[in-house]
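Peer 1: What shape does this take:
(one chain, ligands or ions: 1)
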Amino acid sequence: MRVMNQVSRPFIRKFLVVYFDDILIYSPDMKTHLQHLRDILEVLSKEKFYAGLNKCSFMTNSVLFLGYVVSKDGLSVDESKVETVRDWKTPTTLTKVRSFHGLVSFCRRFIHNFSAIMSSITNCMKGTKFTWTPEASTTFKEIKVRLTTAPILVLPDFSQPFELHCDASGISIGAILSQGGRLVAYFNEKLSGSKLNYSTYDVEFMQLSLSRRSKLTRLETQAMGFELIRDHLAINPYFGLIMSDVSIDLRNDYVMNNGHLYKDGQLCIPEGSMRLRIVQDLHNEGHVGHDQTFKIISNQFYWPHSRRDVARFVVSCRTCQVAKGKSSNAGLYMPLPIPKGPWTSVSKDFVSGLPRTQRGNDFILVVDRFSKMAHFIACKKTTNVVHVATLYFREIYRLHGLPMPIISDRDRRFVGHFWRSLWRLANTKLDFGSSYHPQTDEQTEVVNRTFGDILRATIDGNLKSFVMGPTIISS
Ligand SMILES: [Zn+2]
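Peer 2: Residues are numbered from 1 along each chain as shown. The predicted model follows:
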């Protein structure tokens, strides 16, 4: 096989197929065929290979190759095999069922839903005892008819697009591979064992991957219904205009290929349910956000306002709504006056609902807007305004002096008269952010969330180290 492949390498796939010592030469017409034949025979004689004349056939329109009849029309079942199957007596032993199954299995690519039809005979081969059911008898007759009337399969042309139609049922999965409306192959597999418990989605996915593995080496377009896209494209007002422009070379940002329109390698999708289906299928693969979904879609498909369509779909996706929270660290930041140095402008917030400890279950969070340094001061929620002020002066003022201004989320403690007059006395302007407009105080809110994450990781369930936790984070 290796030697044969080596010597005939320049011709393989051009007009030659080699399988061990079988050689098949195919040509579009008689004149080229004679040239091809001469080329091959020259190589064979040079390499001292001999062919038995009685085993060769020349200048024929159909030939028996590897058990199939290959002709100018395509691939068909070997007539002698059909005859053997037709004359097959009803099996009486397990061995005979097995050889019948083996023979018809060879022709499975010609029979639609082969596995489903054969399942009753397959069931007869299970176990060690021979049982022939009435269903098996019916199948036996049907398979004979199917094989006698088997279609001719066209040979795949890899320069043309393929169509793959898949279908799955409770007992088997099947696919039909066709090209230009003509059949290339049937693919079928019976489900057994754990595969029987697969959900329809999994079965269909398995079937798609199996049928691709066995019949296709590449699948360039993931959407089905190419014909539909092509038909709708021509009548679409937007793409129709572009197509006519492209056809007379008026514009070069689009490319026409085989009736399809491409923009920078993306397939153009006309208006219709196909767009929604593409968004739905590609979003549902991982329920990623709209930016990511759009990125996946725009890798392969194009239509005007696709980003808007994607965003609309993702926003209304039920799974995403149920599974995902709304908060993210990417909040809307409002520009605040840029601080001139460290600890000249701070924002503060209260972190509450933490485990109760000796020093309280709340924290005052103070973040320097310049260096982003954060201090966490333990306190009790019930602490009065004066106490908060004292704490602040003890912990922050002592170290960093008095900032101006302070951004707070307008906690009632901050709007207390005393607190306000205290700051006014100290010449600090209190900037009233609002809890309902968190962008002003987004900086502290972000630190709050991060603080929660780090705290959980630092404390690791040990409450005694809880009070120390924030101190560690602060420093
Ligand atoms: Zn989703």
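Peer 1: and the gap between residue 278 and the ion?
Peer 2: 14 Å (C-beta to the ion, to the nearest Å). Bear in mind the C-beta positions are built from the backbone N, C-alpha and C, glycine included.
Peer 1: show me where the stretch 301-450 of the chain has helices.
Peer 2: Using DSSP state H, counting those that start in this stretch, the helices of the stretch 301-450 of the chain run over 306-315, 318-323, 385-392, 398-400, 412-415, 417-425, 442-459.
Peer 1: Quick one: low-confidence residue ranges for this structure.
Peer 2: 167-172, 190-226, 325-335, 352-356, 361, 381-386, 402-475 (pLDDT under 70).
Peer 1: and it, which of its residues are near the ion?
Peer 2: Residues of the chain lying close to the ion by C-beta under 5 Å from the ion are 287, 317, 319, 320.
Peer 1: Quick one, which of those residues are buried?
Peer 2: Using 16 or more other C-beta atoms under 10 Å as the burial test, the residues of the chain next to the ion include 317, 320 as buried.
Peer 1: Which two among the residues of the chain next to the ion are spaced furthest apart?
Peer 2: Greatest spatial distance among the residues of the chain next to the ion (C-beta to C-beta): 287 and 317, at 6.7 Å.
Peer 1: ok, residue 365 - how many residues close by?
Peer 2: Counted with other C-beta atoms under 10 Å, the neighbours of residue 365 add up to 21.
Peer 1: Once you drop chain neighbours, what's closest to it?
Peer 2: In space, and not counting its chain neighbours, residue 365 is closest to residue 349: 4.8 Å by C-beta to C-beta, 6 or more residues apart in numbering.
Peer 1: what's the offset of stretch 3-15 from the middle of its chain?
Peer 2: Stretch 3-15 has its C-alpha centroid displaced from the chain centroid by 38 Å (C-alpha atoms, centre = their mean, to the nearest Å).
Peer 1: List the buried residues for that stretch?
Peer 2: So for stretch 3-15, counting by 16+ other C-beta under 10 Å, buried means 4, 7, 8, 11, 15.
Peer 1: Phi, psi for the most centrally placed residue in the chain please.
Peer 2: For the chain, residue 285 is the residue whose C-alpha lies nearest the centre (C-alpha atoms, centre = their mean; 5.2 Å). Main-chain torsions, residue 285, degrees, to the nearest 10: phi -60, psi -40.
Peer 1: That one and residue 302, how far apart?
Peer 2: Distance of residue 285 to residue 302, computed by C-beta to C-beta, to the nearest Å: 19 Å.
Peer 1: what's the answer for residue 288, then?
Peer 2: Distance from residue 288 to residue 302, counting by C-beta to C-beta: 19 Å.
Peer 1: more neighbours, those two?
Peer 2: residue 302 (18 against 15).
Peer 1: Could you pull up the contacting residues of the more buried one?
Peer 2: Residues near residue 302 by C-beta atoms under 8 Å, 6 or more residues apart in numbering: 262, 263, 264, 266, 267, 268, 269.
Peer 1: Skip the chain neighbours and tell me the closest residue to the second one.
Peer 2: What it means is residue 263. Once flanking residues are discounted, residue 263 sits nearest to residue 302: 4.7 Å by C-beta to C-beta, 6+ apart.
Peer 1: Bridge partners for the one you found, pull those for me.
Peer 2: Note on residue 302: beta-bridge partners residue 268, judged by DSSP bridges.
Peer 1: Which stretches in the stretch 51-200 of the chain count as strands?
Peer 2: Applying DSSP state E, counting those that start in this stretch to the stretch 51-200 of the chain gives strands spanning 62-65, 68-71, 75-77, 163-168, 172-179, 182-190.
Peer 1: which one of those strands lies closest to residue 371?
Peer 2: Residue 371 lies closest, by C-beta to C-beta, to one member of the strands of the stretch 51-200 of the chain: strand 163-168, at 59.8 Å.
Peer 1: Run through the residues that contact residue 77.
Peer 2: Shown in contact with residue 77 (C-beta under 8 Å, 6+ apart): 68, 69, 107, 110, 147, 150.
Peer 1: And those residues, which of them are buried?
Peer 2: Those of the contacts of residue 77 that meet the buried threshold are 68, 69, 107, 110, 147, 150, by 16+ other C-beta under 10 Å.
Peer 1: Return the member of those residues nearest to the ion.
Peer 2: residue 110 (42.0 Å; C-beta to the ion).
Peer 1: which non-adjacent residue is nearest that closest one?
Peer 2: In space, and not counting its chain neighbours, residue 110 is closest to residue 150: 3.9 Å by C-beta to C-beta, 6+ apart.
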